[in-house]
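1. have a look; sequence and predicted model below, questions after that.
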Protein chains: 2
Amino acid sequence: MNSFKDGWFSEHSTLWPGQCFSLAVSKVLHQEKSAFQDILVFQNEQYGRVLVLDGVIQLTEKDEASYQEMMAFLPITSHPNPEKVVLIVGGGDGGVAREVIKDPRVKSVTVCEIDPRVPEVCKEFFPTLSSSFSEGKVKLRVGDGSEYLASFQDEFDVIITDSSDPIGPAACLFEEAYFQRLQRALKPGGIFCSQGESMWIHMKIIQETMKLARQFFPTVSYATTNTPTYPCGQIGFLLGSKSVETDFKTPAWKMSKGEVCAMQLKYYTPEVHAAAFVLPAFAQKLLSD
Amino acid sequence: MNSFKDGWFSEHSTLWPGQCFSLAVSKVLHQEKSAFQDILVFQNEQYGRVLVLDGVIQLTEKDEASYQEMMAFLPITSHPNPEKVVLIVGGGDGGVAREVIKDPRVKSVTVCEIDPRVPEVCKEFFPTLSSSFSEGKVKLRVGDGSEYLASFQDEFDVIITDSSDPIGPAACLFEEAYFQRLQRALKPGGIFCSQGESMWIHMKIIQETMKLARQFFPTVSYATTNTPTYPCGQIGFLLGSKSVETDFKTPAWKMSKGEVCAMQLKYYTPEVHAAAFVLPAFAQKLLSD
């Protein structure tokens, strides 16, 4: 099967051999080869618009909230006072920034995206995600996130790495040097959250990345969310804190039902937050300290 | 795309239009047309052996525990004393029975499977699932589960409906008459657990089925599990109790870590049990009383 055939887009990858998820294409909306990657946007009747980078589904309108909200609120609510600066490495679609600025404590967010075409394409085709770029609190910077990070010390309260998989442009975001930079760039008590791959097919990557993170952070944890259009319908988040006091399962800011409703959250609640750290027996065994 | 092409099996269905999951086929092990359905068994390098009925993936060796263990232990541990009789409607692969008899309180299990070829094929190709049929506690009965159920009153402590989707032979297991029979066949304080479909694509079916169940049971709840080879990587369980006292989130039998380990559980833990009832904001809103 090719990735694009007979009216279907199929997501083949060496990262998930032997399995493949496909979505019917009712209309191709955009296709280009940027300086960094292939960018594809198409319409699917059930999932709405779909963003694909280098042949891998990044988000669909129907289920993006299960990823964006969790990636934003797991770290943000775990921080007692993330008021000054939040950095998002990657995240060029604007979705995580859109969620982060819903926290009224957050004063400023920088999104550092390597590929300038991603925000531009998303501004055109995913206005509900990229609208965050026109908010005063959000600053978009085009550049290499890992290099950008290297220039800071004790600067950020929260750093979110909203990356694609560890092949291609995002590979460096899963390496030792990156966690060292995260540690240096975060203020005391600072928290990071990185895209953490799937416990069903990437256990070895998760174990190795957690081991790297534990060299620099005293508190490291893995949380999970259910996103239908990601491989195995599941993706994880790797969270770490410079403080031994951080208890990721018990958020410092526990939203009320009224706040969840006012912020129009589709997936995240404080109960979902706590449950995200409860792993199946097999994963618990392999990922415990 | 056909369902079987170029070395891949693809799961197309009108129950999940516009999306399709595929598994590479390294070897077809068995293929037949029984009196009730098409039965297919093939080998996939990553997921092991795969059982397919009428073109729909029922289980794979790699991830079956996430379904079988939850389907067994969510209801069984919620019952204070499920000692006498447990009925499994469907479940012809033997997997749920294998888990249920791990509870030492359970004295007897009847599996009522409509298609005699399913247990026979599973005995040959899935010995780790169907081995339960050779256990003295487990009785296999071939017949229509719904009809069988109609002949009982106040008989069972727990009834588990391990069915396929509500088209084809399993359609009646999602109807009002079935819940009425469940109510009658269960003893006071009795508990049922039925395959409950996916919250991402079958919300209307879930809402309607819960409404039916609530006509006959004072306590009804929906729990979720993450099974990579089911549509959206997620499937739910519909649970109900004849007792208003039943609190599904807090199991009557809370397994110790030693028990989880001794029973060789891969997915279920008491913490996973509680977390399974925590639903994303959108589902919580649509499925609350």
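-> Sure thing, it's come through. Numbers count the residues shown, from 1 in each chain, chains lettered A, B, ... in the order given.
2. span of stretch A:110-125 from start to end?
-> Taking Cα to Cα, to the nearest Å, stretch A:110-125 runs 22 Å from one end to the other.
3. ditto for stretch A:182-202
-> Across stretch A:182-202, first to last residue, Cα to Cα, it's 22 Å.
4. so for that stretch, what gets flagged as buried?
-> Buried positions in stretch A:182-202, judged by neighbour count with 16 or more other Cβ atoms under 10 Å in any protein chain shown: A:182-183, A:185-187, A:190-202. In this view, the C-beta of every residue, glycine as well, is placed from N, C-alpha and C.
5. please apply the same query to stretch A:121-134.
-> A:121-123, A:125-126, A:129-130, A:132-133.
6. that one close to chain B?
-> No: using Cβ under 8 Å from any Cβ of the partner chain, stretch A:121-134 stays clear of chain B, coming no nearer than 15.5 Å.
7. from A:Val25, how far off is the nearest residue to A:Glu99 once chain neighbours are set aside?
-> Using Cβ to Cβ, 6 or more residues apart in numbering or on different chains and skipping residues adjacent in sequence, the residue nearest A:Glu99 is A:Ala72, 3.4 Å away. Distance check for A:Ala72 against A:Val25: by Cβ to Cβ, to the nearest Å, it reads 29 Å.
8. these two: who's more crowded?
-> A:Ala72 (30 against 20; other Cβ atoms under 10 Å in any protein chain shown).
9. moving C-terminal from the host helix or strand of that one, which element do we reach first?
-> Taking DSSP states H and E as the definition, A:Ala72 sits inside helix A:65-78. As assigned by DSSP H and E, the chain's next helix or strand after helix A:65-78 is strand A:86-90.
10. what sits opposite the nearest residue to A:Leu23 once chain neighbours are set aside in the beta ladder?
-> Of all residues not flanking A:Leu23 in the chain, A:Asn44 sits nearest, at 4.6 Å (Cβ to Cβ, 6+ apart). Assessed by DSSP bridges, A:Asn44 has beta-bridge partners A:Gly48.
11. and for A:Asn44, the neighbour number?
-> 23.
12. from B:Gly18, how far out is it?
-> Applying Cβ to Cβ, the value for A:Asn44 to B:Gly18 is 5 Å.
13. in three-state terms, label A:Lys249 for me.
-> The three-state label given to A:Lys249 by DSSP: H, G, I helix; E, B strand; the rest coil is coil.
14. run through the residues that contact it.
-> A:Lys249 makes contact with A:221, A:273-274, A:277 under the criterion Cβ atoms under 8 Å, 6 or more residues apart in numbering or on different chains.
15. helix or strand: which one has A:Ile159?
-> According to DSSP H and E, A:Ile159 maps onto strand A:156-162.
16. who does that strand pair up with?
-> Strand A:156-162 is paired, per DSSP bridges, with strand A:86-90 (parallel), strand A:186-195 (parallel).
17. dump these to TSV, plus distance to A:Thr246 and mean pLDDT.
-> Shown next, in TSV, are the strands paired with strand A:156-162 (distance: least, Cβ to Cβ, whole Å; pLDDT from 0 to 100):
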stretch	distance to A:Thr246	mean pLDDT
strand A:86-90	16	95
strand A:186-195	7	96
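18. excluding chain neighbours, give the residue nearest to the residue in the stretch 51-200 of chain A that chain B sits nearest to in space.
-> Residue nearest to chain B within the stretch 51-200 of chain A: A:Trp200 (5.0 Å; Cβ to the nearest Cβ). Leaving aside its sequence neighbours, A:Trp200 sits nearest to A:Cys232 (Cβ to Cβ, 6+ apart; 4.2 Å).
19. lowest average confidence, helix or strand, in chain A?
-> strand A:4-5 (a mean of 81; mean pLDDT, DSSP states H and E).
20. show me what that one is packed up against.
-> Helices and strands touching strand A:4-5, as assessed by 3 or more Cβ pairs under 8 Å, 6 or more residues apart in numbering or on different chains; DSSP states H and E, are absent.
21. immediately after it, which helix or strand?
-> Sequence order places strand A:8-11 as the next helix or strand after strand A:4-5, per DSSP H and E.
22. and the average pLDDT for that next one is what?
-> Per-residue pLDDT values over strand A:8-11 give a mean of 96.
23. can it be found next to chain B?
-> Yes: residues of strand A:8-11 contacting chain B under Cβ under 8 Å from any Cβ: A:8, A:10.
24. which residues are in contact with that strand?
-> A:1-4, A:20-25, A:40, A:42, A:50, A:52, A:55-57, A:231, B:1, B:20, B:22.
25. how does it look with 10 Å?
-> Strand A:8-11 has contacts (Cβ atoms under 10 Å, 6 or more residues apart in numbering or on different chains) with A:1-4, A:19-25, A:28, A:40, A:42, A:44, A:50, A:52, A:55-57, A:229-231, B:1, B:8, B:10, B:12, B:18-20, B:22.
26. next: stretch A:25-35.
-> Residues from elsewhere that reach stretch A:25-35, judged by Cβ under 10 Å, 6+ apart: A:4-9, A:38-46, A:49-53, A:114-118, A:120-121, A:124-125, B:18.
27. buried only: go through those for me.
-> With burial judged by 16+ other Cβ under 10 Å, the buried subset of the contacts of stretch A:25-35 is A:4, A:8-9, A:39-44, A:46, A:49-53, A:114-115, A:117-118, A:121, A:125.
28. next up, the contacts around the residue of the stretch 101-250 of chain A found nearest chain B.
-> At 1.3 Å from chain B, A:Gly233 is the closest residue in the stretch 101-250 of chain A, using Cβ to the nearest Cβ. Neighbouring residues of A:Gly233 by Cβ under 10 Å, 6+ apart: A:21, A:63, A:66, A:198, A:200, A:225-227, B:21, B:198, B:200, B:226-235.
29. among the residues you listed, which ones are in strands?
-> Those of those mapping onto strands are A:21, A:225, B:21, B:235, per DSSP state E.
30. for these, work out which two are farthest apart.
-> Greatest spatial distance among those (Cβ to Cβ): A:Thr225 and B:Phe21, at 18.7 Å.
31. returning to that earlier point: what's the angle from the helix holding A:Ala72 to strand A:86-90?
-> Comparing the axes of helix A:65-78 and strand A:86-90 via axes from the mean of the first three to the mean of the last three Cα atoms, to 10 degrees yields an angle of 150 degrees.
32. kindly report the domain assignment for chain A.
-> A:3-59, A:64-287 (automatic domain parsing).
33. out of the ones you listed, deepest packed?
-> Of all those, domain A:64-287 carries the top mean neighbour count, a mean of 20, counting by mean count of other Cβ atoms under 10 Å in any protein chain shown.
34. need the pLDDT of A:Gly168.
-> Confidence for A:Gly168, expressed as pLDDT, is 71.
35. for it, what are its contacts?
-> Counting by Cβ under 10 Å, 6+ apart, A:Gly168 touches A:36-37, A:53-54, A:56.
36. so what strands line up beside the least confident helix or strand of chain A?
-> If you go by DSSP bridges, strand A:4-5 pairs up with strand A:8-11 (antiparallel).
37. would you mind listing what in the stretch 1-150 of chain A touches chain B?
-> Within the stretch 1-150 of chain A, the positions adjacent to chain B are A:1, A:5-8, A:10-12, A:16-26, A:44-47, A:60, A:62-63, A:65-66, A:69-70 by Cβ under 10 Å from any Cβ of the partner chain.
38. what about 8 Å?
-> Within the stretch 1-150 of chain A, the residues that sit near chain B (Cβ under 8 Å from any Cβ) are A:1, A:5-6, A:8, A:10, A:17-24, A:44-47, A:62-63, A:65-66.
39. the stretch 101-250 of chain A: strands as residue ranges?
-> A:109-113, A:138-142, A:156-162, A:186-195, A:219-225, A:235-241 (DSSP state E, counting those that start in this stretch).
40. what about the fourth one, distance to the chain center?
-> Centroid separation between strand A:186-195 and its chain, computed with Cα atoms, centre = their mean, to the nearest Å, is 14 Å.
41. who touches it?
-> With Cβ under 8 Å, 6+ apart, strand A:186-195 has contacts from A:71, A:74-75, A:78-80, A:82, A:84, A:90, A:154-164, A:173-174, A:182, A:209, A:217, A:235, A:237-243, A:245-246.
42. same check on the third one?
-> Counting by Cβ under 8 Å, 6+ apart, the neighbours of strand A:156-162 from elsewhere in the structure are A:71-72, A:75-76, A:79, A:81-91, A:95-96, A:100, A:145, A:149, A:173, A:178, A:182, A:185-187, A:189-195.
43. cool, thanks, signing off.
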